[in-house]
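fold the following.
(2 chains)
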Amino acid sequence: MKDIIRAVIAILIICTVLFYVNNQLNKSTGRAGSDTISVYNWGEYIDPELIKRFEKETGITVVYETFESNEAMMTKIEQGGTSYDVAMPSEYTIEKMKENDLLIPIDHSKIPNLSNIDPYFLDLPFDPGNEYSIPYFWGTVGIAFNPKLLDGQTFESWEDLWDPSLKQEVILVDGAREVMGMGLNTLGYSLNTKDEHQLQEATDKLKTLSPNIKAILGDEIVETMRRSEAAVALVWSGQAADIMYVNEDIDYAVPKEGSNLWFDNMVIPKTAANVEGAHKFINFMLDPEVAAQNADYVGYSTPNENAIPLMDPEVTADERFYPTKEMRERLEVYKNLGLETLGRYNELFLEFKMDAQ
Amino acid sequence: MDRSSKLSKVYLALVFVILYTPIFYLIFYSFNSGGTMSSFKSFTFEHYKAVFADTRLIMILINTVIVALLSALLSTAIGVIGAIGIIFLKNRKSRNALLSLNNVLVVSPDVIIGASFLILFTMVGVKLGFASVLISHIAFSVPIVVIMVLPKLQEMSSTLIDAALDLGASKRDVLSRVIIPYIKPGIFAGFFLALTYSLDDFAVTFFVTGNGFSTLSVEIYSMARAGITLTINALSGLLFIVTLLLVLGYYFVTNRTKNPLRTGVSK
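Numbering: from 1, shown residues only, chains lettered A, B, ... in the order given. Reported below is the predicted structural model:
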């Protein structure tokens, strides 16, 4: 009995000490202030230095939390019980969140830095007039490839993936819209098409790719490509940047037929407790200097026009990640297709996946 | 030494090698200056420095340990009382019913438990955070503790209690001087099992974290999206050392008792 009591006391003492240490850490990061905002962002998607700087400049304490999928983030916000002030969903989730009435309109008069954003990235179909969302990062869907494993083969067209020499070499990302979009783009159709005939044609085209497919994966693609275990992959440009950061052999290309343009955006969820602070945070992130530092850290493309001159010219001149205006004209943003058509996309994608096995 | 015992020793060694290799492999690369786990360049402490420089990560680590210790402590207390209650139930039917209910909780998937807790907490209006994580960790640890303690109670002969009562012990004395000391190994085993369950639980915690409170498993999961960095290795190394110290502490405590009844801490 005695040693049980002793053990209990020891555990309680350890917990108290840890609580105390945590509190001290809280204070040292200035978290004890009354004015706080909570930010809900993707993992590794902001430069931590910038949070510190924001806290110093505004006196607002930032409680920072991370998520790893749009769906998980949306569920947490929908269920309530949390009080996130700023979140960074992707464009298709913003549409869903708008439909479910989970967002608060953004007061543009409080975001003067919005003028730094390239108008090209504003007023897009998923959120006309940027009523609810402000662009954070953007990118494309394209092909990451390892020329070393392919004797210098390049990928200018989606058709190149069908090359017989790539037997069992191609990895696809496990996303219905990405893969179906690739099929549609290859045939010169819009990746927002609702035309059943075009969809069927695209699926048939995709099925002929089957012999070349090695696997259909999620985020594991990054690790596989880094280790040079695969030669070609259909990826988001963000993933490509992650891969290239470690493995310098890898190259990335957006095929000439066109592709998808994706966005992660800052929004203010319905659960927000400090709307004023949320606006300040969004405005802060749009400051050219801040945006430049953040893009430098994260490695994704910034929509901030005035940040680009402050960044390493070698990065911003890289047309793979900062495509020229002319190249961007071929890119398309996903439109909300409605449940029915989306279901059709998923169905056809499944059909293709089963065929690929 | 005969052949079969030699063979069994080799087998045992092999099992341990398989169990420990991935952990040591991970820790080994946490000292790699190369930045990836594919090739070892040179020895460095930079990843550990990166962990300690990131106060947010340290706070999450401390949170994780606090939740683990407190939830294990409380669930052990509840579980021991529950196990004693179950064993002394006179009615065999209700005893079996209680035991089955307990077992259902042990085998039910974490995802379901987590999702139902999320719904419960938001319905009742509990803010997601420290309290919600602690409560749900206690909830899934209690049945485990009950299962660890029950065999010890069943093994204990009822004549021991009769003898104590005959010799004039009060009911309280019987509990604190006979039953608890007898089932102590089970209690410690239950505590440590609850501790490890809490430390590595992802599925339940994932649903109930929020408002700036997060644990390591959830944090590592969202970090891993951008590829496993060596910071995660360093962090895992640190956590391994923490658990190692806890287990050493456990042996220190059990070795000091006069009757060194030991049970293995299993996972």
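
where's whatever residue of the stretch 151-300 of chain A ends up closest to chain B, which helix or strand?
Going by Cβ to the nearest Cβ, chain B is nearest to A:Val222 of the stretch 151-300 of chain A, at 4.9 Å. C-beta coordinates here come from the backbone N, C-alpha and C atoms, glycine included. Assessed by DSSP states H and E, A:Val222 sits inside helix A:220-226.

quick one: list the elements packing against the helix or strand that that helix is followed by.
Sequence-wise, the next helix or strand beyond helix A:220-226 is strand A:232-236, with elements assigned using DSSP H and E. Using 3 or more Cβ pairs under 8 Å, 6 or more residues apart in numbering or on different chains; DSSP states H and E as the contact test, the elements touching strand A:232-236 are strand A:133-145, strand A:170-173, helix A:176-186, helix A:220-226.

go ahead and flag the most central residue of chain A.
The centre of chain A sits closest to A:Asp264, judged by Cα atoms, centre = their mean, with a distance of 5.2 Å.

what angle separates the helix or strand hosting that one from helix A:176-186?
Secondary structure assigned from DSSP H and E places A:Asp264 in strand A:259-267. Inter-element angle recorded for strand A:259-267 and helix A:176-186: 140 degrees (by axes from the mean of the first three to the mean of the last three Cα atoms, to 10 degrees).

following strand A:259-267, which helix or strand comes up?
Counting by DSSP H and E, the element that comes right after strand A:259-267 along the chain is helix A:275-285.

distance between that next one and the chain's centre?
Computed by Cα atoms, centre = their mean, to the nearest Å, the chain-centroid distance of helix A:275-285 equals 20 Å.

and the longest helix for the chain?
In the absence of a named chain, this looks at chain A. helix A:2-28 (DSSP state H).

you answered for a different chain; I wanted chain B.
Under DSSP H, chain B gives helix B:55-87 as its longest helix.

is it anywhere near chain A?
Yes: taking Cβ under 8 Å from any Cβ of the partner chain as the criterion, helix B:55-87 and chain A are in contact, through B:Thr55, B:Arg56, B:Ile58, B:Met59, B:Ile62, B:Asn63, B:Val65, B:Ile66, B:Leu69, B:Leu70, B:Leu73.

the last one and A:Val8 touch, don't they?
Translated: B:Leu73. Yes: taking contacts as Cβ atoms under 8 Å, B:Leu73 lies within contact range of A:Val8: 6.6 Å.

those two: which has the busier surroundings?
When neighbours are counted by other Cβ atoms under 10 Å in any protein chain shown, B:Leu73 and A:Val8 differ, and B:Leu73 comes out ahead with 20 against 14.

shouldn't A:Val39 be within a helix?
No: inclusion of A:Val39 in a helix is not indicated when DSSP: H, G, I helix; E, B strand; the rest coil is applied; the result is strand.

doesn't A:Thr61 make contact with it?
No: taking Cβ under 8 Å as the definition, A:Val39 is not a contact partner of A:Thr61, at 10.8 Å.

check contacts around A:Ala144.
Under the criterion of Cβ atoms under 8 Å, 6 or more residues apart in numbering or on different chains, the contact list for A:Ala144 reads A:Met225, A:Val232, A:Ala233, A:Val235, A:Gln239, A:Ala240, A:Ile243, A:Met244, A:Ile250, A:Asp251, A:Tyr252.

tell me how many other residues crowd residue 221.
No chain was given, so I picked chain A. For A:Ile221, the neighbour count with other Cβ under 10 Å is 25.

wait, chain B was what I had in mind.
Burial of B:Tyr221 is recorded as 17 neighbouring residues (other Cβ under 10 Å).

same check on B:Ile119?
Every residue meeting other Cβ under 10 Å relative to B:Ile119 is counted, giving 13.

next to chain B, which bits of the stretch 151-300 of chain A? Give me the list.
By Cβ under 8 Å from any Cβ, the residues of the stretch 151-300 of chain A that approach chain B are A:Asp219, A:Val222, A:Glu223, A:Arg226, A:Arg227, A:Asp242, A:Val246.

that older thread, next, the buried residues of the longest helix of chain A.
By neighbour count, and taking 16 or more other Cβ atoms under 10 Å in any protein chain shown as the criterion, the buried residues in helix A:2-28 are A:Ile4, A:Ala7, A:Ile11, A:Ile14, A:Cys15, A:Leu18, A:Asn22.

ok, and the closest non-adjacent residue to the fourth one?
Of all residues beyond its chain neighbours, the one nearest A:Ile14 is B:Leu69 (6.3 Å), with distances taken as Cβ to Cβ, 6 or more residues apart in numbering or on different chains.
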